[in-house]
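Colleague: Let's see this in three dimensions:
(chains A and B)
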Amino acid sequence: QKEVEQDPGPLSVPEGAIVSLNCTYSNSAFQYFMWYRQYSRKGPELLMYTYSSGNKEDGRFTAQVDKSSKYISLFIRDSQPSDSATYLCAMSMGTNAGKSTFGDGTTLTVKP
Amino acid sequence: NAGVMQNPRHLVRRRGQEARLRCSPMKGHSHVYWYRQLPEEGLKFMVYLQKENIIDESGMPKERFSAEFPKEGPSILRIQQVVRGDSAAYFCASSLTGGDQPQHFGDGTRLSIL
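Modeller: I've put the predicted structure just below:
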């Protein structure tokens, strides 16, 4: 079983829809939770970075972490065609454990 | 992604040759990470380095792969005697400090083995 499981998609929504992207994990030592956006042939771009449980909002993006359920989500409000990309969740244990563990990504298409 | 610079962007090698991938971290960052991404898969951790030190190489294949981050110059991921299975996108990331700081990625090197 993978340490991080991500809803595989692909996901296709109309412009303006609310998008929900989700990951579950098995390692309770994860403390830091990230969402990256990756366009085709480009590197991952950091969208959200959160520590421990709770919500964090940045513009149209909201990251949610529920450590008790080992579940994280990214919500995108008023989705735009430019949001079409692959979204990767990632987690790390922090401190001296530098590596991040990634989900396999969810490909999102927002149709005009 | 302009902050972390990787070169070359594309690299073609024949089986048995050596591949050298370079990564210059963001200005002020002294922690570098290498990841590999196979088609339709997420990123898999390979190695974590600080200047002149390998901190964690638990994701590196035991043979043919090596990495360094010298006091001066970029970090280098070296693959000796490449095989077809080494074809992938290799991404470098950097952070200001380790662990509790977010990692910022370059645009990767796409390695193709003929």
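Colleague: Excluding chain neighbours, what is closest to the residue sitting nearest the centre point of chain B?
Modeller: Geometric centre of chain B, nearest residue: B:W34, 3.6 Å, by CA atoms, centre = their mean. Nearest non-adjacent residue to B:W34, counting by CB to CB, 6 or more residues apart in numbering or on different chains: B:M46, 4.4 Å away. For every residue, glycine as well, the C-beta is placed using N, CA and C.
Colleague: Looks to me like that neighbour is in a helix.
Modeller: No. B:M46: not assigned to a helix; according to DSSP: H, G, I helix; E, B strand; the rest coil it is strand.
Colleague: show me what contacts it?
Modeller: Counting by CB atoms under 8 Å, 6 or more residues apart in numbering or on different chains, B:M46 makes contact with B:Y33, B:W34, B:Y35, B:R36, B:E57, B:G59, B:M60, B:F65, B:A67, B:L77.
Colleague: just B:C23 next, same as before
Modeller: Shown in contact with B:C23 (CB under 8 Å, 6+ apart): B:V4, B:M5, B:Q6, B:V32, B:W34, B:P74, B:S75, B:I76, B:L77, B:C92, B:S94, B:G106.
Colleague: Quick check: pLDDT value at the third one.
Modeller: If I follow you right, that is B:Q6. Note on B:Q6: pLDDT of 97.
Colleague: beta partners of it?
Modeller: For B:Q6, the beta-bridge partners under DSSP bridges are B:C23.
Colleague: doesn't B:C92 make contact with it?
Modeller: Yes. Using CB atoms under 8 Å, B:Q6 is in contact with B:C92, at 5.3 Å.
Colleague: more neighbours, the two?
Modeller: B:C92 (29 against 22; other CB atoms under 10 Å in any protein chain shown).
Colleague: How much space separates that one from chain A?
Modeller: Computed as CB to the nearest CB, to the nearest Å, the B:C92 to chain A distance reads 9 Å.
Colleague: what kind of secondary structure is B:G85 in?
Modeller: What three-state DSSP gives for B:G85 is helix.
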